[in-house]
Every structure is written in structure tokens, then in C-alpha cells.
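J.: Test case, fold it:
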Amino acid sequence: MKLGDQVRSRATGEIGVVAVDGGEFDEVIFPSGRVLVHHEEPELVPQSPADILASGQIGPAEPYALRLQAPYLKHAYKYDALTGLSKARSEPDLHQIYVPTR
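T.: Numbers count the residues shown, from 1 in each chain. Predicted coordinates for the structure are as follows:
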């Protein structure tokens, strides 16, 4: 770890910042205060989306699927005139669907 890195304590789960890079022991500032920890105890907190993906912390699939589906539905509602009818919560009467010809 180096000075300014954001780290998470494995013991408490608190997130802090490395204040002093002291070799074997580092001084980390947590919300609860400054703590002197062994350099192997805390883990680095991923900062960029690439770091998060590389660390394997991809998160639950359902919220991702909903975020992915939202633009598709927005596009469909905007450009497909019949989409609104298929999602309506009303039941049309027969004369509204079929007009007999004589």
C-alpha cells in the first residue's frame, strides 16, 4: 500500500485512508480514529470500474439486468406505437377489437 490509498479493514469492515506508509506497519485513518495496522491486514478498496471488475466484485445480477432492460423499454415505448396497448391493464370489449364488415 502507498500513501493515500483507500483501504478496508478485514477485521471491522471500516474504510479508511493510508496516512503513513511505514513499511511493515502503516498508519490508517478510519472514521473511528487513527490506527497502526500491519501492512497485510487491510485490503485495497477498488476505485475504478475496471478495478472492481478485476477484483470479482460484480454484484447481484438482478439489479444489473433491470438497469440493462430499462433503456430497451424506454426505446420501445418511445418508438413503437403498439407497445402501450400490449402493456395496458384494461380489458378491451369485442367491438373495440373487431369490426365486422358486411
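J.: Going C-terminal from the lowest-mean-pLDDT helix or strand in the chain, what's the next secondary structure element?
T.: One helix or strand of the chain scores below all others by mean pLDDT, DSSP states H and E: helix 83-86, with a mean of 60. Using DSSP states H and E, the helix or strand that follows helix 83-86 in sequence is helix 94-97.
J.: and that following helix, how far from the chain's centre?
T.: 46 Å (Cα atoms, centre = their mean, to the nearest Å).
J.: how about stretch 1-16 as PDB, C-alpha atoms only?
T.: Extracted as PDB, the C-alpha positions of stretch 1-16 are listed here (Å, rounded to 0.1, in the frame of the first residue of the first chain):
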ATOM      1  CA  MET A   1       0.000   0.000   0.000                       C
ATOM      2  CA  LYS A   2       1.000   3.600  -0.600                       C
ATOM      3  CA  LEU A   3       0.200   6.900   0.900                       C
ATOM      4  CA  GLY A   4      -3.400   8.000   0.100                       C
ATOM      5  CA  ASP A   5      -4.700   4.500  -0.800                       C
ATOM      6  CA  GLN A   6      -8.300   3.800   0.300                       C
ATOM      7  CA  VAL A   7      -8.400   0.500   2.300                       C
ATOM      8  CA  ARG A   8     -10.900  -1.600   4.100                       C
ATOM      9  CA  SER A   9     -10.100  -3.300   7.500                       C
ATOM     10  CA  ARG A  10     -10.600  -7.000   7.300                       C
ATOM     11  CA  ALA A  11     -11.500  -7.100  11.000                       C
ATOM     12  CA  THR A  12     -14.100  -4.400  11.200                       C
ATOM     13  CA  GLY A  13     -15.000  -3.600   7.600                       C
ATOM     14  CA  GLU A  14     -14.300   0.100   8.100                       C
ATOM     15  CA  ILE A  15     -13.000   2.000   5.100                       C
ATOM     16  CA  GLY A  16     -10.000   4.400   5.700                       C
END
